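Enquirer: Quick check, what structure comes out for this input:
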Amino acid sequence: MATMEDTKTFYPAATPTAFEIGSLPTTVITVDPSGNDSTAPPKPVRITSPAVAGTYPVVLFFHGFYLRNDFYSDILNHVASHGFILVAPQLCKLLPPGGQVEVDDAGKVINWTLKNLKAHLPNSVNANGKYTALVGHSRGGKTAFAVALGHAATLDPSIEFSALIGIDPVAGPNKYLRTDPEILTYKPESFDLDIPVAVVGTGLGPKMKNLMPPCAPAEVNHVEFYNECKATKAHFVAADYGHMDMLDDDLPGFVGFMAGCMCKNGKGKKIEMRRFVGGIVVAFLKYSLWGDKSEIQRIVKDPSVSPVKIDPSPELEEASGYFV
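Expert: So this is what the prediction gives:
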């Protein structure tokens, strides 16, 4: 059963930057599994799409450990408003499944997306089958990497991806207790990926909150993920923000309460962190899919344009001959 809900419509300047809401109004469609609908997904999905007629790239977005896909509604809307269709599955119910199960479920959702998404999009809105990107936060970031690396046994082997973005990806509680599949090798540039990859990190993710363990511990966080990527790759770290600071404000329920209190948080406004994460995703997708270097290069050359402090200096390492 699908339901549609209009989001707020924003009309910014004619040429919005990646860190601002884009020019396209968006809509949200939720679709649940159903035995009576042959086009229903294998998992509940939240689709955030431009509401204007057109053909847009598809971005699969995977939520973090124990989190809900609607906790990311602001970021999903931000990216969609720039001309992308976001498909965010809910991969867990009350308790997260095993890591390999989650990766295989992600593969099933991707298969469904490329086959049945059109049936649930607004009229005159189409998915561009040439471009499919993977994005994920926290454990969902690790899931996105695992899928791209070929660990989803359920994934149609003919499917190819155009870009991969990990938002503070985490591979487990520590180096010796990693979630399946164990994709980190601790060898530089060991990931067998031939697509552009961006890794977004947080400065406070590796830090404890009171007696709670860090949410993005050293040796299993964005630093190691980036080290194991080969060019073309990019790295951006929000120095003064924490692992959950890109989520929406005022998250509902017990899960929302836990998301707000378990990780060390920054003191800045969360809306600025959401603008930063949404902007990096938009700028990197424009670069990866269409070769539009202008915004990603501007961020790398002048980090002060970012709504949050980027430290260490951002990196963009291009493979030889990439987008020459």
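Enquirer: which helices and strands does the helix or strand His235 falls within pack with?
Expert: Secondary structure from DSSP states H and E places His235 in strand 233-238. Counting contacts by 3 or more Cβ pairs under 8 Å, 6 or more residues apart in numbering; DSSP states H and E, strand 233-238 packs against strand 197-202, helix 222-227, helix 270-290, helix 294-301, strand 315-317. For the C-beta atoms, the positions are set from N, CA and C on the backbone; glycine is no exception.
Enquirer: Pick the most buried one from the ones you listed.
Expert: strand 197-202 (a mean of 28; mean count of other Cβ atoms under 10 Å).
Enquirer: So what are the sheet partners of that one and their directions?
Expert: strand 163-167 (parallel), strand 233-238 (parallel) (DSSP bridges).
Enquirer: Using TSV, lay out those together with mean neighbour count and distance to Pro307.
Expert: Output for these, formatted as TSV (neighbours: other Cβ atoms under 10 Å; distance: least, Cβ to Cβ, whole Å):
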stretch	mean neighbour count	distance to Pro307
strand 163-167	27	16
strand 233-238	26	9
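Enquirer: among the ones you listed, which is nearest Asn174?
Expert: The closest of the strands paired with strand 197-202 to Asn174 is strand 163-167. By Cβ to Cβ, the value is 18.3 Å.
Enquirer: now the closest one and helix 270-290, what's the angle there?
Expert: Between the axes of strand 163-167 and helix 270-290, defined by axes from the mean of the first three to the mean of the last three Cα atoms, to 10 degrees, the angle is 160 degrees.
Enquirer: Would you mind putting the strands paired with strand 197-202 into CSV with distance to Ser38 and mean pLDDT alongside?
Expert: Formatted as CSV, the strands paired with strand 197-202 follow (distance: least, Cβ to Cβ, whole Å; pLDDT from 0 to 100):
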stretch, distance to Ser38, mean pLDDT
strand 163-167, 30, 98
strand 233-238, 40, 98
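Enquirer: Let's have these in CSV, adding distance to His222.
Expert: Conversion of those to CSV gives the following (distance: least, Cβ to Cβ, whole Å):
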stretch, distance to His222
strand 163-167, 7
strand 233-238, 7
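Enquirer: so which of the helices and strands packed on strand 233-238 comes closest to Thr143?
Expert: Across the helices and strands packed on strand 233-238, closest to Thr143 is helix 222-227 (Cβ to Cβ), at 12.3 Å.
Enquirer: how far does that closest one sit from the chain's center?
Expert: In terms of Cα atoms, centre = their mean, to the nearest Å, the centre of helix 222-227 is set 16 Å apart from its chain centre.
Enquirer: right, and Ser162 touches Val58 too?
Expert: No - taking contacts as Cβ atoms under 8 Å, Ser162 lies outside contact range of Val58: 9.5 Å.
Enquirer: Ser81 and Leu24 touch, don't they?
Expert: Yes - at 5.0 Å, Ser81 and Leu24 qualify as touching, with contact defined as Cβ under 8 Å.
Enquirer: shared neighbours, these two?
Expert: Pro50 (Cβ atoms under 8 Å, 6 or more residues apart in numbering).
Enquirer: which residue sits farthest out from the middle of the protein?
Expert: In the chain, the greatest distance from the average C-alpha position (Cα atoms, centre = their mean) is reached by Asn36, at 30.7 Å.
Enquirer: Report the secondary structure state of that residue.
Expert: coil (DSSP: H, G, I helix; E, B strand; the rest coil).
Enquirer: And Val255, by the same measure?
Expert: Applying three-state DSSP: Val255 is helix.
Enquirer: got it, and Tyr186?
Expert: coil.
Enquirer: quick one: contacts for it?
Expert: Tyr186 neighbours (Cβ under 8 Å, 6+ apart): Lys175, Glu224, Glu228.
Enquirer: quick check: longest strand of this structure.
Expert: strand 125-137 (DSSP state E).
Enquirer: Name every sheet partner of that one and say whether each one runs parallel or antiparallel.
Expert: strand 54-62 (parallel), strand 163-167 (parallel).
Enquirer: how distant is the longest one from the center of its chain?
Expert: So the one you mean is strand 54-62. 11 Å.
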